[in-house]
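Undergrad: missing the sequence, but the structure's below:
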């Protein structure tokens, strides 16, 4: 039995986003591992509790450690963590809203509603990334 | 003609796809859950931080309820572990032969993680 000859993948949007989804997913897992590791190093000897560590791993924003008694905040709120947060927001928003776009493509037929939903997903992507970065830089 | 993947909830439950089908459906549902939570959280933190409005605190109360949090923790753990499984199968395509076994393996990772987390969360919730 001969195997089916597949056409060479071309660099279209679907292929690029397929690759991007894998890379960004792996990056987000690594950022969470980084958050857990450095969060333990910075906070395990003071009063860091598990919920705070989990929130910090999900998103390393200094507002997320307010419940724990952190003696000084300079380790938790600085430019390094702001860069990590901006990376996390940009990757997560693009990964997530691309997933929403895939669902829209699966469940809609070409026409007005498909164009409308595509535009809505695009707007939500731009809106949530910009607002997220604004909040990071303001906190 | 692209492959149609338009599958409603009823078809998911009726279709005897087993573990991989369940993982596919839950991956979509958990992804949607995370999008809803993260978008609400971005909105709420913007509203409280920049405008100090009551709407931000109102949204905060919704997603800080224990039921929403238990759902979101499941979404995050499942989406992460299942996504990692998908990435591994995509990097080494020969492993797709063991796709069914890989979904069993992923539940062995997910269930202890989730049950332990949920236990701690519910205990803290009951303690007040």
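TA: Happy to help now that I have it. Everything numeric in this text was worked out from a predicted model, so none of it was measured. Numbers count the residues shown, from 1 in each chain, chains lettered A, B, ... in the order given.
Undergrad: which parts of the helix or strand residue B:90 falls within are buried?
TA: Using DSSP states H and E, residue B:90 sits within helix B:66-91. In terms of neighbour count (16 or more other CB atoms under 10 Å in any protein chain shown), helix B:66-91 has its buried residues at B:68-83, B:85-87, B:89. For glycine as for every other residue, the C-beta is placed from the backbone atoms N, C-alpha and C.
Undergrad: ok, it near chain A or not?
TA: Yes - judged by CB under 8 Å from any CB of the partner chain, helix B:66-91 comes into contact with chain A through B:76, B:80, B:83-84, B:86-87, B:90.
Undergrad: helix or strand right after that helix?
TA: As assigned by DSSP H and E, the chain's next helix or strand after helix B:66-91 is helix B:99-127.
Undergrad: still on that earlier bit, just the mean pLDDT for the helix holding residue B:90, thanks.
TA: Mean pLDDT, helix B:66-91: 92.
Undergrad: Let me have the residues of helix B:66-91 next to chain A in JSON lines, adding distance to residue A:8 as columns.
TA: Putting these into JSON lines (distance: CB to CB, whole Å) gives the following:
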{"residue": "B:76", "distance to residue A:8": "37"}
{"residue": "B:80", "distance to residue A:8": "32"}
{"residue": "B:83", "distance to residue A:8": "27"}
{"residue": "B:84", "distance to residue A:8": "28"}
{"residue": "B:86", "distance to residue A:8": "23"}
{"residue": "B:87", "distance to residue A:8": "22"}
{"residue": "B:90", "distance to residue A:8": "18"}
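Undergrad: the inter-axis angle of the longest helix belonging to chain A versus helix B:66-91?
TA: The longest helix of chain A (DSSP state H) is helix A:13-43. Interaxial angle, helix A:13-43 versus helix B:66-91 (axes from the mean of the first three to the mean of the last three CA atoms, to 10 degrees): 120 degrees.
Undergrad: buried set for helix A:13-43?
TA: By neighbour count on 16+ other CB under 10 Å, the buried set for helix A:13-43 is A:17, A:21-22, A:24-25, A:28, A:31-32, A:35, A:38-39, A:43.
Undergrad: Same check on stretch A:111-118?
TA: Buried residues in stretch A:111-118, counted by 16+ other CB under 10 Å: residue A:117.
Undergrad: can you map out the helices along chain A?
TA: Secondary structure of chain A by DSSP H: the helices cover A:13-43, A:50-58, A:79-107, A:112-138.
Undergrad: between these, which one is nearest to residue A:7?
TA: Closest of the helices of chain A to residue A:7 is helix A:13-43, at 11.4 Å (criterion: CB to CB).
Undergrad: That closest one to helix A:79-107, inter-axis angle?
TA: Here helix A:13-43 runs at an angle of 150 degrees relative to helix A:79-107 (the same axes, to 10 degrees).
Undergrad: Now do helix A:13-43: which elements does it pack against?
TA: Counting contacts by 3 or more CB pairs under 8 Å, 6 or more residues apart in numbering or on different chains; DSSP states H and E, helix A:13-43 is packed against helix A:50-58, helix A:79-107, helix B:66-91.
Undergrad: export the ones you listed to TSV and tack on distance to residue B:116?
TA: Below are the helices and strands packed on helix A:13-43 laid out as TSV (distance: least, CB to CB, whole Å):
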stretch	distance to residue B:116
helix A:50-58	10
helix A:79-107	24
helix B:66-91	10
